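Peer 1: how does the following fold in three dimensions:
(one chain, ligands or ions: 2)
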Amino acid sequence: MTLDLSKYRMITNIKSKGNRLILEINKIYEVSIDIPYEEVEIEESVIKINTHPKRAENLKMGILNLISYHIANNLRSKITKRRVIYINEPFPLIGHTAFGLIERGRNIIQVRGHCGCNLNCIFCSVDEGEFSKTRKNDYYVDIDYLIKEYKKLAEYKGIKKLEAHLDGQGEPSLYYPLVDLVQALSDINVEGIVSMQSNGTVLDYKLIDELEEAGLHRINLSINAIDEKMAKMLAGRKDYNINKILDIAEYIKNSKIHLLIAPILLPNINDTEFKRVIDFAVDLDLRVKQNIINPLTNKRDPILGCQLCRVYQFGRKPKKMKVWNFEKFYELLKKYEIEYKKRGLDVKLILRPEDFGIHRRKRLPYPFKVGEVIRTKAILDGRIKGEVLAAERGRVIQIINTNEDIIGKRVKVRILRNKDNIIVGEVVK
Ligand SMILES: C[S@@+](CC[C@H](N)C(=O)[O-])C[C@H]1O[C@@H](n2cnc3c(N)ncnc32)[C@H](O)[C@@H]1O
Ligand code: SF4
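Peer 2: Numbers count the residues shown, from 1 in each chain. Ligands and ions are numbered 1, 2, ... in the order given. This next block holds a predicted model:
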């Protein structure tokens, strides 16, 4: 009897060493499993079971159970080296910011299929990457479940003029299978769009062609410096290659995916480079004009989405950086807009949600009140130290200031936050 692992979609590569199977799951994760049966032989993706057919059937079930157990409990990210928790039905997808779906009473749904990043930007608001000091677990959401729940939420909010936005605590383009996800979301959003944030490092010509085919409307590409050294320093990685990203930007610009370049200003660190990125985007737009219309506005999207670096509780802050308020930031952007105007160029740098067709839209109900005390069971480990997760009333509850010992136990939890259906609570004694 044989068991061919190549027919399981999530298994993207198979290696073996004796009776040890090393499975690559969805490209960026890995799990290794010792097969405790003498009668098996592993040859590439095929496990041969050389025994009586009745026992072989039992061993096959045993191997499949072992694989599911290890995927559920021992999955690791090859990128961040962290443990990965595989999220599937019936665990809710609404309630946490690290994975699932977020809706904030607008016609945009944030889609977070996974978390984890291949860069280590020195300013990262979510302290992502291999060298993170705060993140202890990553999450991956099963694609079929993610699509099913997205469809339910989209139908609840109203499908018309809806945006599915792939973003999150990490690099959205590392999600696998990304093209299938984009295709499914764009099939649901018939009169809307699908957009994605990206640091660009994983994008190549082939993937961009496929994303274009799948109906991706826009990529918000993070570029923070043109100078190679500065770009590496900001990305926190010596292997970050800004020239590759600039080339990818040009390739996107020549596709049917709208390119928005999203530089971040770190005052006192990349002031000159920030302006060089804006100039790059303006020059590129003059050379390669895109005429992709956003059906939410019936206009072209802006070509730049300038961001100001902010300081977050669990984020990173570069020592030399000066903290600016938005007033000062908008003054600078205004100054740049005027400079462009003098050169006869109409460059919009200060944006509002309406520029992207974002408007108010029916919200999901809030099942919890702030201050309410509920009884629940902690089920999964959390994203950062001192956090565990529970599931109640169709929401994930992030229980903070606690420890892993309470996983599996019933606890009393006071709700501290319910805004935008992101639920945070703490244990009450
Ligand atoms: C957290 S990242 C996730 C998506 C993707 N990894 C990327 O960098 O584009 C989303 C956006 O937030 C920006 N960002 C990161 N840290 C920030 C901070 N401290 N303040 C403001 N924006 C920040 C990034 O530059 C990026 O454009
Ligand atoms: S800002 Fe984006 S690319 Fe940089 S470390 Fe954070 S998540 Fe990764």
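Peer 1: contact partners of the longest helix along the chain?
Peer 2: Criterion DSSP state H: the longest helix present in the chain is helix 53-73. By Cβ atoms under 8 Å, 6 or more residues apart in numbering, the residues outside helix 53-73 that reach it are 1, 3, 5, 10, 21, 23, 25, 31-33, 35, 37, 39-40, 47, 49-51, 86. In short, each C-beta sits where N, CA and C put it, glycine included.
Peer 1: what's residue 281 in contact with, if anything?
Peer 2: Taking Cβ under 8 Å, 6+ apart as the contact definition, residue 281 lies against 261, 263, 303, 304.
Peer 1: assign it to helix, strand or coil.
Peer 2: Look at residue 281: counting by DSSP: H, G, I helix; E, B strand; the rest coil, its state is helix.
Peer 1: any idea how far the residue of the stretch 201-350 of the chain found nearest ligand 2 is from residue 265?
Peer 2: Relative to ligand 2, the nearest point of the stretch 201-350 of the chain is residue 222 (6.2 Å; Cβ to the nearest ligand atom). Plainly put, residue 222 is 12 Å away from residue 265 if you go by Cβ to Cβ, to the nearest Å.
Peer 1: again with residue 188
Peer 2: For residue 188, the distance to residue 265 - Cβ to Cβ - is 36 Å.
Peer 1: of the two, who's got more company?
Peer 2: residue 265 (23 against 18; other Cβ atoms under 10 Å).
Peer 1: now that one, which residues is it bridged with?
Peer 2: residue 308 (DSSP bridges).
Peer 1: for it, report the pLDDT, please.
Peer 2: In this model, residue 265 is scored at 98, pLDDT.
Peer 1: for ligand 1, what is the nearest residue in the stretch 51-200 of the chain?
Peer 2: For the stretch 51-200 of the chain, Cβ to the nearest ligand atom, closest residue to ligand 1: residue 125, 3.5 Å.
Peer 1: may I ask which helix or strand encompasses that residue?
Peer 2: For residue 125, there is no host helix or strand (DSSP states H and E).
Peer 1: the closest residue in space to it that isn't next to it in sequence: how many residues sit nearby?
Peer 2: With sequence-adjacent residues excluded and distances taken as Cβ to Cβ, 6 or more residues apart in numbering, residue 125 is closest to residue 315, at 4.2 Å. Number of residues near residue 315 (other Cβ under 10 Å) recorded here: 16.
Peer 1: which pLDDT does the model give residue 315?
Peer 2: So residue 315 comes in at 96 (pLDDT).
Peer 1: that one touches residue 124, doesn't it?
Peer 2: Yes - using Cβ atoms under 8 Å, residue 315 is in contact with residue 124, at 6.1 Å.
Peer 1: any idea how far residue 37 is from the residue of the chain most remote from its centre?
Peer 2: Distance to the chain centre peaks in the chain at residue 52, reaching 46.8 Å (criterion: Cα atoms, centre = their mean). In this view, residue 52 and residue 37 are 13 Å apart by Cβ to Cβ.
Peer 1: quick check: residue 245 is in a helix.
Peer 2: Yes - counting by three-state DSSP, residue 245 is part of a helix.
Peer 1: burial of the residue of the stretch 151-300 of the chain found nearest ligand 1, as a residue count?
Peer 2: With Cβ to the nearest ligand atom, the shortest gap between the stretch 151-300 of the chain and ligand 1 falls at residue 222, namely 3.5 Å. Residues near residue 222, counting by other Cβ under 10 Å, number 23.
Peer 1: over to residue 326?
Peer 2: Other residues close to residue 326 by other Cβ under 10 Å number 11.
Peer 1: surely it meets residue 309?
Peer 2: No - at 11.6 Å, residue 326 does not count as touching residue 309 under the criterion of Cβ under 8 Å.
Peer 1: quick check: neighbours shared by those two?
Peer 2: Counting by Cβ under 8 Å, 6+ apart, no residue touches both residue 326 and residue 309.
Peer 1: could you list the domains of this protein?
Peer 2: 2-74, 83-356, 372-427 (the TED database).
Peer 1: and the last one, how far apart are its ends?
Peer 2: One end of domain 372-427 sits 12 Å from the other (Cα to Cα, to the nearest Å).
Peer 1: near ligand 1, which residues of this structure?
Peer 2: Within the chain, the residues that sit near ligand 1 (Cβ under 6 Å from any ligand atom) are 117, 123-126, 167, 171, 197-199, 222, 262, 264, 307, 309-310, 312, 315.
Peer 1: show the contacting residues for the residue of the stretch 151-300 of the chain found nearest ligand 2.
Peer 2: Ligand 2 sits closest to residue 199 of the stretch 151-300 of the chain, with a gap of 3.8 Å, by Cβ to the nearest ligand atom. Counting by Cβ under 8 Å, 6+ apart, residue 199 touches 117, 118, 119, 121, 171, 173, 221, 222, 235, 245.
Peer 1: out of those residues, which comes closest to residue 340?
Peer 2: residue 221 (20.2 Å; Cβ to Cβ).
Peer 1: quick check: beta-bridge partners of the closest one?
Peer 2: residue 198, residue 261.
Peer 1: and for it, the neighbour number?
Peer 2: So residue 221, with other Cβ under 10 Å, has 24 neighbours.
Peer 1: how distant is stretch 190-205 from the center of its chain?
Peer 2: Centre-to-centre, stretch 190-205 and its host chain are 11 Å apart (Cα atoms, centre = their mean, to the nearest Å).
Peer 1: measure it end to end?
Peer 2: First-to-last residue span, stretch 190-205, Cα to Cα: 26 Å.
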